[in-house]
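Q: next comes the sequence, and after it the predicted model I'd like to discuss.
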Amino acid sequence: MKLTHVPLRATVGAYILNSGLGKRSLEGESATGMHGMAAGAIPQLRQLDPARFARLLSRGEMALGAALLAPFVPSLLAGLGLAAFGAGLVKLYLSTPGMREPGSLKPTPQGIGLAKDVWLVGAGLTLVLDDLTHRRFRRA
């Protein structure tokens, strides 16, 4: 891991790890609401029980957060995971009714919480591109 990646990986990794830890005990209405919103964007998720979905999401966030924090995980892999996770949240934002103003990408007040997750895609792609370009220049 490059020293310049440490601030980005540490802050984003800690944030996502904390989010996953907070979802460990989701049950009932909280799990059902989160599952329903995700299933609205990705219909295949309807096959999962809401409590199972919440557990899997929690574990996935904890794994991604830990991967970002672990210095032995290459930035290329950590960045790909982060970009994919962020892309899923952006899909959720784009697919959920009421998150955007009609005919626009501009978020409604209810959509701001999801719209802001576009930064995760940018941070992940930054890690990937920096790692790939650093490798190319190192070989030359």
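A: Thanks, I have the structure now.
Q: list the contacts of the worst-scoring helix or strand of the chain on mean pLDDT.
A: For the chain, the helix or strand with the lowest mean confidence is helix 118-139, at a mean of 86 (criterion: mean pLDDT, DSSP states H and E). Residues from elsewhere that reach helix 118-139 (C-beta atoms under 8 Å, 6 or more residues apart in numbering): 2, 4-5, 8-9, 12, 74-76, 78-87, 89-90, 93. The C-beta positions use only the backbone N, C-alpha and C, and glycine is treated the same way.
Q: turn the buried ones among those into a named PyMOL selection, would you?
A: To isolate the buried members of the contacts of helix 118-139 in PyMOL, using 16 or more other C-beta atoms under 10 Å:
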select buried, resi 5+8+9+12+75+76+78+79+80+81+82+83+85+86+87+89+90+93
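Q: burial count for the closest residue to residue 41 other than its chain neighbours?
A: In this structure, residue 41 finds its nearest non-sequential neighbour in residue 95, 3.7 Å apart by C-beta to C-beta, 6 or more residues apart in numbering. By other C-beta atoms under 10 Å, 15 other residues sit near residue 95.
Q: distance of residue 95 from residue 14?
A: 28 Å (C-beta to C-beta, to the nearest Å).
Q: what bits of this structure have low per-residue confidence?
A: Counting by pLDDT under 70, the chain contains low-confidence residues at 135-140.
Q: that one: helices as residue ranges?
A: Under the criterion DSSP state H, the chain contains helices at 6-22, 28-41, 50-69, 75-95, 112-115, 118-139.
Q: can you tell me how far the residue nearest to residue 41 sits from residue 114?
A: Residue 95 is 10 Å from residue 114, by C-beta to C-beta.
Q: with residue 12 instead?
A: 17 Å.
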